[in-house]
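Novice: Kindly generate the corresponding structure for this input.
(chains A, B and C)
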Amino acid sequence: MFEVFGVSSQALFGQLLIGLINGSFYALLSLGLAVIFGMLNIINFAHGAQYMLGAFCAFFLLNGIDLPLPALAWPPAVTFVRITPGLNYWWALVLAPLIVGATGIVLERLLLRWIYRLDHLYGLLLTFGLALIIEGVFRNYFGSSGLPYTVPEALRGGQNLGFMFLPNYRAWVIAFSLIVCLATWFVIERTKLGSYLRAATENPTLVRAFGINVPRMITLTYGFGVALAALAGVMAAPIYNVSPQMGANLIIVVFAVVVIGGMGSILGAIVTGFGLGLIEGLTKVFFPEASNTVIFVIMAIVLLLRPAGLFGRGT
Amino acid sequence: MKRHISLAALAVALGCGVANAQYTDGTIKIGVMNDMSGTYSDLSGQGSVIAARMAVEDFGAASKGMKVEIVSADHQNKADVGSNVVRTWIDVDKVDVIVDVPTSSVALAVNEIVRDKNKVFLVSGAAASDLTGPQCTANTIHWTYDTWSLANGTGTAIVKTGGDTWFFLTANYAFGLALERDTAAVVVKNGGKVLGQVRHPFPGTDFSSFLLQAQASKAKIIGLANAGSDTINSIKQASEFGITGGGQNLAALLAFITDVHALGLPIAQGLIMTEAWYWDLNDANRAFTKRFAPQYKGIHPSMVHAGVYSAVTHYLKAVEALKSDADGRAVVAKMKEMPTDDVLFGQGTVRADGRKIHPMYLFEVKKPAESKAPWDYYKLRATIPANEAFRPLAEGGCPLVKG
Amino acid sequence: MAAIDAARALVWPSRAWSEGIAFAAMVLALVILPAFVYPVFLMKALCFALFACAFNLLIGYVGLLSFGHALFFGWAAYVTAHLAKVGNISVPIWAGAWQWLTIPLPPLSPELAIIGGTLTAAVLGLIVGAIAIRRQGIYFAMITLALAQMMFLVAVQAPFTHGEDGIQAVPRGRLFGIVDLSDQINMYVAVAVIFLGCFLLIYRIVNSPFGEVLKAIRENEARAISLGYRTERYKLVAFVLSATFAGVAGSTKAIVFQLASLTDVDWPMSGEVILMTLVGGLGTVFGPVAGAFFMVTLENYLTTIGQWVFVVQGLIFVVCVLLFRRGFVGELAHRLRVRL
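Specialist: Predicted coordinates:
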């Protein structure tokens, strides 16, 4: 086929497709962050840890977990009960976000709501601390080598597209992320519930005066954002290493994505996520050593030219 | 009168000799420092402490009247934490020997400190072959493995068994580049060809694009010049893209049995790697494992753990022979003078540059059907005899080696 | 930050005598402690105390949370280590094509190496500040984090840093060509002098007309602008100053530990300095020092206890943010109704 800058079109399209896959994760995660930030004005640093929780949850649903239960005996002790649900990937796609989302709701009710009245930076510090705790606990119990989670049966194998071999699972990742992203965007921008959410972000007191339970909406929104992170985690489990650190480095890249996109719009988060994935893919072809840093470089450039971000509404 | 005094003096002197007065502080203090909470916690971690304890017990220190104490610390893979701990250990806690220390950056830092303070450093976990090269000291012995032996073992053995075209997937930092360079040299020396390489950023998560290039090169062997989670991720994703199914083999240039355990056999099958020790290789190893695993959450010992056991055993023998642990250089000289012999590594030697010599083994990971129990992961593909396994003494650039 | 917390919104009577006493106590402690405590441990605490003071300059007095201060700390350490050990500087120049011009220098003596490292931090502070100042609050934090992460990745690949190995065996050298720093006590005195000097400088900056403008910006930036102050400039200068002092801390650390590694530029290091300042007391003069000593001591114990490092740090973050926002020194100052 033809060549572009000395790289065959086969390699190029292959890398772009892979870039799109990475972009899916960036989009899902930055969407979660944008949703949470939109409602709570909190940067959820724990997002990476919750992504990790989603992946671990999928692992536990399949392989079982030792749950600590207090034993009613003297002296008081903790016994471990092994529960092995044996639920496969498809169950995990639904259950893991629900479970992790529920923990997010508990977190919000217990901890986060005390800091809404404070400066927003405390939210960042609090969630940073939470991220450290969650990752630390998991690191302590599960080591750092990572746990195996295989691609579900139905999605094994792949298609030979001529210019590359596309694993079915990766195609699924792109398709499903797009659906989830667009569905979220639709709910927030085009439905009544979404309009309540957006109104509550702008003016909570007024919306409350209308009789809408704003605190509950905030709680549920946080839960939803966390569930999105967990969903990304479940989808990542078969292809990335399920380890306690899987979220830590990813979250910083997602932060850069979010800064580039601007926190103002949901659509902005989605478009920027996919777009940056594509750009990263291109960089891997032409200049592989820089592929880790290209997103940060773009962030610096965007900030110099357009401080509010590409889709942001300015601060 | 004089005779009485001299007899009395003799009696006192003998009494002192038996009563451990020559050991600093009256105790032989062993400091096991490694990664207890991070990437390397499974292959070293608490397991190394257990291995050291087993070595002290098996040596029978108590019955020989030697008081041995083991302390441990987590260096968190950070050179400053590690050097701080070692400094405090030596200055304040009177630790006599530092053992294990995975993560080359920490090991190199500790290497310097131990030399300055004249104690002993027995490296089991770290890979840097510079420890017996330009950075060699008279206080350090590099025990289990190093980058050169891995490169040589994996490279030579694979080329000789038919894997003569290579493509490297390299972590783009000093360690990965060195591993790639050493292995490429070995491949070429043995008549193989390096078809190309791609350098991925470190740390990386997604290797799909790099693996695509490796696949397109049609090289028989894809050499993974990376470590830890990079290796695990590369292997996982290679399996996903059908690379291992499609006739190409992956060679992990630095991998441990704990990595295979993390990957699971369906994905790791067919992987070729070099290790210095495997729990299922012979009866002695199996017996050791039977005692070790229950103490360590069922995790089977890695070569690093075995190295710690072997090193501590030999150290205690040397200290016993010298009746003193005060002078690090003297103890290490003794360890180089005495041939090594322990249940795990058998007989071997320690060279002038501080390199412990023993055979290395080339393993291939079993298919799931071939494995009969958890941790039954390897089949032996080749044994590299001790005299070929490590870099020749003259080529190292170690200042201790004359000529 | 609009308001660090409610108590500080009240104006305390200016009782600088409390600060004077605290300072005297601190100096006395620094003189006496080496007799009881391992000097290397003290030096580590002092380096981090300076780092925390530099960070506090930005957040405590300007209200900007920088999540990437490790960038300045670590890169200063790298440059200092390189200058002290190797000396050659390679700069890229344009001569038809990009080339590296090597300025051959011998390994420098420690004070010159530290100055070199500090200058690097200042320059980096200028570049990062120019980009980051454009946004406020959370965005500012995220931008600093992202830029620091980018420079971390650069540090991994740059040849002179030796990646994971770091720059090892950095010679302590002879300060001014006379004082042999491999003697622990000499090194300790040097570090203590550097720390006290910078501490006093920071104090002077904060308690000056410039410092007053900074505090005004923290309280209400819009108002400061309406009063005619070019707040962007003030913030940038404060940022550069903060980066510079962080650089001094990093440079000194490199000489003390004879080592510069990737941990110094990694994001957990940024998190640690935030934690130190938070625990000690944001916006107090002595808070960062107390916080640094506390955290360094804690870390010392955690290396032996082992795996719970991150969890403990996280718990401290959570507890501090929820219940203990003033930090040790801040709480003490609040109870005693003095300024510390």
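
Novice: helix, strand or coil for the residue of the stretch 101-250 of chain C found nearest chain A?
Specialist: Proximity of the stretch 101-250 of chain C to chain A (C-beta to the nearest C-beta) peaks at residue C:150, 3.5 Å away. C-beta coordinates here come from the backbone N, C-alpha and C atoms, glycine included. Of the three states, residue C:150 takes helix under DSSP: H, G, I helix; E, B strand; the rest coil.

Novice: how close does residue C:138 sit to chain B?
Specialist: Residue C:138 is 25 Å from chain B, where distance means C-beta to the nearest C-beta, to the nearest Å.

Novice: My read is that that residue contacts residue A:43, right?
Specialist: Yes - using C-beta atoms under 8 Å, residue C:138 is in contact with residue A:43, at 5.1 Å.

Novice: hey, what's in contact with both of the two?
Specialist: In terms of C-beta atoms under 8 Å, 6 or more residues apart in numbering or on different chains, residue C:138 and residue A:43 are both contacted by the residues A:37, A:120, A:124.

Novice: least confident pick among those?
Specialist: Lowest in pLDDT among the shared contacts of residue C:138 and residue A:43 is residue A:120, which has 79.

Novice: what's the neighbour count on it?
Specialist: 19 (other C-beta atoms under 10 Å in any protein chain shown).

Novice: Could you do residue A:94 as well?
Specialist: 12.

Novice: Checking it next. Helix, strand or coil?
Specialist: helix.

Novice: now do residue B:72
Specialist: Classified using three-state DSSP, residue B:72 is strand.

Novice: gap between the two ends of stretch B:278-288?
Specialist: Taking C-alpha to C-alpha, to the nearest Å, stretch B:278-288 runs 11 Å from one end to the other.

Novice: coming back round to it: so for residue C:138 and residue A:43, which residue has more residues nearby?
Specialist: residue A:43 (27 against 23).

Novice: So what does the more buried one look like in phi/psi?
Specialist: For residue A:43, the backbone dihedrals (degrees, to the nearest 10) come out as phi -90, psi 120.

Novice: Kindly tell me how buried residue 118 is, as a neighbour count.
Specialist: No chain in the question, so chain A it is. Count around residue A:118 with other C-beta under 10 Å applied: 19.

Novice: looking at chain C here, not the other one
Specialist: Counted with other C-beta under 10 Å, residue C:118 comes out at 25.

Novice: Disregarding flanking residues, what is the spatial nearest neighbour of it?
Specialist: residue C:247 (4.4 Å; C-beta to C-beta, 6 or more residues apart in numbering or on different chains).

Novice: Now the one you found: which helix or strand?
Specialist: In the assignment (DSSP states H and E), residue C:247 maps to helix C:231-257.

Novice: Can you list the buried residues in that helix?
Specialist: Neighbour counts over helix C:231-257 (16 or more other C-beta atoms under 10 Å in any protein chain shown) mark C:231, C:234-257 as buried.

Novice: now, which of the shared contacts of residue C:138 and residue A:43 sits nearest residue B:384?
Specialist: Taking C-beta to C-beta as the measure, residue B:384 sits nearest to residue A:124 out of these, at 53.0 Å.

Novice: does the closest one belong to a helix or a strand, and which?
Specialist: Short version: residue A:124 belongs to helix A:120-142, going by DSSP H and E.

Novice: Grab the CA positions of that helix and hand them over as PDB.
Specialist: What follows is helix A:120-142, C-alpha atoms only, in PDB (Å, rounded to 0.1, in the frame of the first residue of the first chain):
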ATOM      1  CA  HIS A 120     -11.800  23.000  46.600                       C
ATOM      2  CA  LEU A 121      -8.200  22.100  47.000                       C
ATOM      3  CA  TYR A 122      -9.000  20.200  50.200                       C
ATOM      4  CA  GLY A 123     -11.100  17.900  48.100                       C
ATOM      5  CA  LEU A 124      -8.100  17.200  46.000                       C
ATOM      6  CA  LEU A 125      -6.000  16.500  49.100                       C
ATOM      7  CA  LEU A 126      -8.700  14.300  50.600                       C
ATOM      8  CA  THR A 127      -9.200  12.200  47.600                       C
ATOM      9  CA  PHE A 128      -5.400  12.000  47.200                       C
ATOM     10  CA  GLY A 129      -5.200  10.600  50.700                       C
ATOM     11  CA  LEU A 130      -8.000   8.100  49.900                       C
ATOM     12  CA  ALA A 131      -6.200   7.000  46.800                       C
ATOM     13  CA  LEU A 132      -3.100   6.300  48.900                       C
ATOM     14  CA  ILE A 133      -5.100   4.300  51.400                       C
ATOM     15  CA  ILE A 134      -6.900   2.200  48.800                       C
ATOM     16  CA  GLU A 135      -3.800   1.500  46.800                       C
ATOM     17  CA  GLY A 136      -1.700   0.900  49.900                       C
ATOM     18  CA  VAL A 137      -4.200  -1.600  51.400                       C
ATOM     19  CA  PHE A 138      -4.400  -3.500  48.100                       C
ATOM     20  CA  ARG A 139      -0.700  -3.400  47.700                       C
ATOM     21  CA  ASN A 140      -0.300  -4.900  51.100                       C
ATOM     22  CA  TYR A 141      -2.600  -7.800  50.500                       C
ATOM     23  CA  PHE A 142      -2.000  -8.500  46.800                       C
END
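
Novice: for the chain, what spans make up the helices?
Specialist: In the absence of a named chain, this looks at chain A. For chain A, applying DSSP state H gives helices covering A:9-40, A:47-63, A:89-110, A:120-142, A:168-190, A:192-202, A:204-209, A:214-236, A:248-261, A:266-286, A:294-305.

Novice: That was the other one, I meant chain B.
Specialist: B:2-18, B:45-59, B:79-91, B:104-117, B:147-160, B:174-189, B:208-217, B:228-240, B:257-263, B:265-268, B:283-292, B:303-322, B:328-337, B:386-389.

Novice: Quick check: which of those helices is nearest to residue C:310?
Specialist: Using C-beta to C-beta, the helices of chain B put helix B:79-91 closest to residue C:310, at 13.4 Å.

Novice: Not counting the closest one itself, show me its contacts.
Specialist: With C-beta under 8 Å, 6+ apart as the criterion, helix B:79-91 contacts B:31, B:33, B:71, B:73-75, B:95, B:98, B:101, B:103, B:105-106, B:108-110, B:113-114, B:117, B:119, C:38, C:40-41, C:44, C:166, C:168, C:253, C:257-259, C:261, C:263-264, C:299-300, C:303.

Novice: between the shared contacts of residue C:138 and residue A:43, which is closest to residue B:262?
Specialist: Looking across these and measuring by C-beta to C-beta, the closest to residue B:262 is residue A:124, at 32.4 Å.

Novice: Surely residue B:330 and residue B:324 touch.
Specialist: Yes - applying C-beta under 8 Å, one finds residue B:330 in contact with residue B:324, separated by 7.4 Å.

Novice: Pull the contacting residues for residue 280.
Specialist: You didn't say which chain, so I picked chain A. A:19, A:22-23, A:291, A:294-295.

Novice: not quite, I wanted chain C
Specialist: With C-beta under 8 Å, 6+ apart, residue C:280 has these contacts: C:52, C:286-292, C:294, C:327-330.

Novice: In strands only, show me those.
Specialist: If you go by DSSP state E, the contacts of residue C:280 have nothing in strands.

Novice: So which of the residues you listed wins on neighbours?
Specialist: For the contacts of residue C:280, neighbours tallied by other C-beta under 10 Å; top is residue C:288, 34 neighbours.

Novice: if we can go back for a sec, biggest separation within the contacts of residue C:280, which pair?
Specialist: Farthest apart among those - using C-beta to C-beta - are C:292 and C:330, which lie 14.7 Å from each other.

Novice: Output the below-cut-off pLDDT ranges for the chain.
Specialist: By default, I'm working from chain A. Residues of chain A meeting the criterion pLDDT under 70: A:1-11, A:71-73, A:76, A:143-145, A:163-164, A:264, A:313-315.

Novice: I was after chain B.
Specialist: B:1-22, B:37-38, B:174, B:202-205, B:402-403.

Novice: Would you mind naming what in it lies close to chain A?
Specialist: Within chain B, the positions adjacent to chain A are B:37-43, B:45, B:172, B:198-201, B:203-206, B:208-210, B:212-213, B:215-216, B:229, B:232-233, B:236-237, B:240-242, B:258-259, B:261-264, B:266-267 by C-beta under 8 Å from any C-beta of the partner chain.
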